[in-house]
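1. output the structure for:
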Amino acid sequence: PDTPQPPIPAISILVVEDRMSDQQLLKRCLDNSHLNIASCVMVDNLADAKISLRKKDFDVILTDLSLPDCRGLETVSSLLAVCGNGALLVMTDANDDQILRECLSGGAEDFIPKQDLLQVNLNRCISYALLRNRARRDDRKARLPKTDDITELLTRFALIEAIGQSGEICKQTSAINTPKSHQTGAIIALSIDNFTDLVDLYGMAMADHILHQASIRVLAAMPESSSCARIAHHEFACWLPQSKAKDAEDLAEYLQQQFDQALTVKNALVNCQISIGIAVLEAETPHAAALLSYATTACRQAREQRSGLAIYCEREQRQLRRRHQIKDEFAEALACGDIDLVYQPIKDLRGNRSDVYEALSRWNHPLIGCIPPLEFVDIAEEFGWIEALDECVLERACLHLANWQQGDGTAPKHLSVNVSVNTLMQPHFPKYLYRCLTENKLDPEQLWLEITESSLIPELSECKHQLSAIRELGVAIAIDDFGTGYSSLADLV
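-> Here you go, the predicted model:
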């Protein structure tokens, strides 16, 4: 007979499984498990799982090891990095004992063979995984120091504990302890941006004294009800219960004024350059650790933008995460040929004809969907991929035009292709352009190169030789957005 299972409260479950048949099977098993399930969310890739975990704290994460965007141990480590206190269980078709042992030693609570899903007692499996997870957390918490040796402030984990005990956020679940309409609170995160320079200048022993004096100044600026901690090497955070955004901003400005004055450390005057980030408690804030993470994210943003102060905004962070994802994956997408072209007719209003088509690039991302060039062209320019992108688009456009001409006679008279000034200025570009035309047996007059006026005119003196060489080939140059920049007809003659 089965061992009696310990009772567990209502739980939330995240399922990460890309195979529809396995999703349906697992749903049936969960429905029949008699678990007290408050909510169950199913996603089919790691990226969506991370988004779900940022929005909500799940008690249990059931994941397949092989996902479309991640495989093996990397799946486990990626989920553990964002799953908070959730218990991670691995589902797999694999019979590789070594990988399964590494998953367990890496932080997974258990594994379930997919072929045994119908036979496995999910109630017992999940219940004991939650108990092991809680015991592991309690053991880790008991061994962690409560105060920092150098500053005598709270540690990062003690601060999270203090936030949870303040009655604003329940630290272990996504539940909120007080009515949402009455919840207020904020975290201020502070970073000493020039700390590395101070270490190089004064040495590590002196740097410890600098941190101690900085902590005294931070503590003196905070109200008595606050909880202050050293959360990283040269970063501090203060929890302000019952504080609203304006209260936190006023305190942050006061902190900046205090650090405008040099610290006196061992008879030396030390200037600390600081950045401050603020995160305000919202109804959607899942847990204390998330709120602290939001504040440190805002602090990093203030440091990178050299603005001194930034307030966390979820909408801006979503845009930033999307931009980072595009940046991280663009080079591989370009190399794998994932950049597609669509063709937009340019109407001649005098004859209502479409003799000219413009080639427009699109990136069909497997998870995000269709990404327009507005989102990735500036990234390509910033990180040095724009020439590769232009050449990819030009080659494909010439090939498509050649195939178009061999079809049913509907090929356009001219095809316009956007080219950046960076690409235009490359010494080899006219020869490269000639090769594209000859390999596809195209008449040079069929091709137009389109360049934005505002980017061309400042570089016009350097581009004149290239423009002449392109004109000698018989390829026309079209100026895009003419009249929005310099609008000088003399420059076009």
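2. run through the residues that contact Ile326.
-> Residues in contact with Ile326, defined by Cβ atoms under 8 Å, 6 or more residues apart in numbering, are Ile368, Ile371, Glu375, Phe376, Ile379. Glycine gets a C-beta too; all of them are placed from N, C-alpha and C.
3. low pLDDT regions in the stretch 301-450 of the chain?
-> Along the stretch 301-450 of the chain, segments meeting pLDDT under 70 span 348-353, 408-409.
4. return a ChimeraX selection command for the buried portion of the contacts of Ile326.
-> Applying 16 or more other Cβ atoms under 10 Å to these, the buried members can be selected in ChimeraX as follows:
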select :371,376,379
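5. so what's Asn133 closest to, chain neighbours aside?
-> Spatially, and ignoring its direct neighbours in sequence, Asn133 is nearest to Ala87 (3.8 Å; Cβ to Cβ, 6 or more residues apart in numbering).
6. how far away is Ala220 from Asp18?
-> 54 Å (Cβ to Cβ, to the nearest Å).
7. neighbour count: the two, which is higher?
-> Counted by other Cβ atoms under 10 Å, Ala220 and Asp18 do not tie: Asp18 has more neighbours, with 15 against 9.
8. name the SS class of the more buried one, please.
-> Counting by DSSP: H, G, I helix; E, B strand; the rest coil, the backbone at Asp18 sits in coil.
9. that one and Asn121, how far apart?
-> Separation of Asp18 from Asn121 (Cβ to Cβ) stands at 25 Å.
10. cool, Arg101 as well?
-> Here Arg101 is placed at a distance of 22 Å from Asn121 (Cβ to Cβ).
11. one more: Thr75?
-> On the measure of Cβ to Cβ, Thr75 and Asn121 end up 24 Å apart.
12. quick one: which of the two has more around it?
-> The neighbour count for Thr75 versus Asn121, taken as other Cβ under 10 Å, is higher for Thr75 (24 against 14).
13. so who does that one touch?
-> Going by Cβ under 8 Å, 6+ apart, Thr75 touches Leu46, Thr63, Asp64, Leu65, Ser66, Leu67.
14. spatially central residue in the protein, please.
-> Arg321 (2.5 Å; Cα atoms, centre = their mean).
15. can I assume that one sits in a helix?
-> Yes. According to three-state DSSP, Arg321 belongs to a helix.
16. isn't Pro444 right up against Ile477?
-> No. Between Pro444 and Ile477 there is no contact under Cβ atoms under 8 Å: 12.0 Å.
17. I'd like the distance between the residue nearest to the centre of the chain and Gly185.
-> Distance, Arg321 to Gly185, by Cβ to Cβ: 24 Å.
18. kindly report the same for Gln426.
-> Taking Cβ to Cβ, one finds Gln426 at 55 Å from Gly185.
19. with neighbour numbers in mind, choose between these two.
-> For the pair Gln426 and Gly185, the greater number of neighbours falls to Gly185 (24 against 14), based on other Cβ under 10 Å.
20. who does the more buried one form a beta bridge with?
-> Pro241 (DSSP bridges).
21. how confident was the prediction at it?
-> Listed pLDDT for Gly185 reads 90.
22. in this structure it contacts Asp247, no?
-> No. The criterion here is Cβ under 8 Å, and Gly185 misses it with Asp247 at 9.9 Å.
23. overlap of the contact sets of these two?
-> Contacts common to Gly185 and Asp247, judged by Cβ under 8 Å, 6+ apart, are Leu240.
24. flag every buried residue along stretch 295-312.
-> In terms of neighbour count (16+ other Cβ under 10 Å), stretch 295-312 has its buried residues at 295-303, 309-312.
25. ditto for stretch 146-153
-> Using 16+ other Cβ under 10 Å as the test for burial, stretch 146-153 gives Asp148, Thr151, Leu153.
26. now the residues you listed in JSON lines, with pLDDT and secondary structure?
-> Below are the buried residues of stretch 146-153 laid out as JSON lines (pLDDT from 0 to 100; DSSP: H, G, I helix; E, B strand; the rest coil):
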{"residue": "Asp148", "pLDDT": "91", "secondary structure": "coil"}
{"residue": "Thr151", "pLDDT": "94", "secondary structure": "coil"}
{"residue": "Leu153", "pLDDT": "94", "secondary structure": "coil"}
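27. what ranges does the stretch 101-250 of the chain have for its helices?
-> With DSSP state H, counting those that start in this stretch as the criterion, the stretch 101-250 of the chain has helices at 122-143, 156-165, 195-202, 204-221, 245-259.
28. so which of the ones you listed is the most packed in?
-> Ranked by mean neighbour count, the helices of the stretch 101-250 of the chain are led by helix 156-165 with a mean of 20 (mean count of other Cβ atoms under 10 Å).
29. so which elements touch it?
-> Identification of packing neighbours for helix 156-165 by 3 or more Cβ pairs under 8 Å, 6 or more residues apart in numbering; DSSP states H and E yields strand 227-232, strand 235-241, helix 288-305.
30. okay, the angle between the longest one and helix 245-259?
-> With axes from the mean of the first three to the mean of the last three Cα atoms, to 10 degrees applied, the angle from helix 288-305 to helix 245-259 works out at 50 degrees.
31. what about Asp275, which SS state?
-> Careful, residue 275 is Ser; it's not Asp. Following three-state DSSP, Ser275 is assigned to strand.
32. that one: what's it in contact with?
-> Counting by Cβ under 8 Å, 6+ apart, Ser275 touches Leu190, Ser191, Asp193, Cys299, Arg300, Ala302, Arg303, Ser307, Gly308, Leu309, Ala310.
33. one more pass at 7 Å, please.
-> Counting by Cβ atoms under 7 Å, 6 or more residues apart in numbering, Ser275 touches Ser191, Asp193, Cys299, Ala302, Arg303, Gly308.
34. strands - which of the contacts of Ile326 land there?
-> Applying DSSP state E to the contacts of Ile326, the entries found in strands are Ile371.
35. switch the contacts of Ile326 over to TSV; also include distance to Tyr254.
-> Listed next are the contacts of Ile326 as TSV, based on distance: Cβ to Cβ, whole Å:
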residue	distance to Tyr254
Ile368	42
Ile371	43
Glu375	39
Phe376	42
Ile379	38
